[in-house]
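S.K.: based on what follows, work out the 3D shape:
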Amino acid sequence: MRGKEMKTIARSVQHATFVIERVFGAPSAQVFAAWATAEGKARWFGGTAGKWKALERTFDFRVGGRERLKGVWDSDAVYDFEARYQDIVPDERSVYTYDMHIADKRISVSLSTVELAPAGKATQLTYTEQAVFLDGYDDAGSREQGTRALLDKLGAALRS
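M.R.: Numbers count the residues shown, from 1 in each chain. This is a model prediction of the structure:
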């Protein structure tokens, strides 16, 4: 490139895997619906009210379907979650891949599995995520912490 400096980007990958288990006092069909319907997921999947504003939300829960949630935090940082559903077994599991972007920069690519199993009248949920954090993005456990907070919100939505 003549007359322009080329900016060198340091390329790197950092892998992380985590598993979160929760028991919800609702049948598997109800927990599954909270993941599988636009109305159900909108009740718990997103930022904190007053600190987060959704800019775009699309939801197509089927194998090959896509989901997108793009929004801005009060810090003006725009976050963009883009998922594709790879496998779905009603009331039992879903598997999806997703990219996360901050301000149009891809920070990670993940494979997530949600497994549901009856536990008496309740449901055992096991969430497993395998993530690759890209090009110097240091997650330092914030993805797992954020996912735990989202599952807390799911629990509250199921109780209401």
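S.K.: which outside residues touch stretch 55-64?
M.R.: Residues outside stretch 55-64 that contact it (Cβ atoms under 8 Å, 6 or more residues apart in numbering) are 35-38, 41-42, 46, 66-72, 78, 84-88, 94. Using the backbone N, CA and C atoms, a C-beta is placed for each residue, glycine as well.
S.K.: just the strands in the chain please.
M.R.: 13-24, 52-59, 66-73, 78-89, 93-102, 105-119, 122-134 (DSSP state E).
S.K.: and the ones you listed: which comes nearest residue 148?
M.R.: The minimum distance between residue 148 and those falls on strand 13-24, with 6.0 Å, by Cβ to Cβ.
S.K.: now the angle from that closest one to strand 122-134?
M.R.: 170 degrees (axes from the mean of the first three to the mean of the last three Cα atoms, to 10 degrees).
S.K.: and strand 13-24, which strands flank it?
M.R.: strand 122-134 (antiparallel) (DSSP bridges).
S.K.: could I get the average pLDDT for the strand it pairs with?
M.R.: For strand 122-134, mean pLDDT is 97.
S.K.: just the CA trace of it, in PDB.
M.R.: Output of strand 122-134 as PDB, limited to C-alpha atoms (Å, rounded to 0.1, in the frame of the first residue of the first chain):
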ATOM      1  CA  ALA A 122     -37.400 -30.400  38.100                       C
ATOM      2  CA  THR A 123     -34.900 -30.200  35.200                       C
ATOM      3  CA  GLN A 124     -31.100 -30.700  35.300                       C
ATOM      4  CA  LEU A 125     -29.500 -28.300  32.800                       C
ATOM      5  CA  THR A 126     -25.900 -28.900  31.700                       C
ATOM      6  CA  TYR A 127     -24.400 -26.100  29.600                       C
ATOM      7  CA  THR A 128     -21.000 -26.800  28.000                       C
ATOM      8  CA  GLU A 129     -19.100 -24.100  26.000                       C
ATOM      9  CA  GLN A 130     -15.800 -24.600  24.100                       C
ATOM     10  CA  ALA A 131     -14.500 -21.200  23.100                       C
ATOM     11  CA  VAL A 132     -11.700 -19.800  21.000                       C
ATOM     12  CA  PHE A 133     -10.700 -16.200  21.900                       C
ATOM     13  CA  LEU A 134      -9.000 -14.400  19.000                       C
END
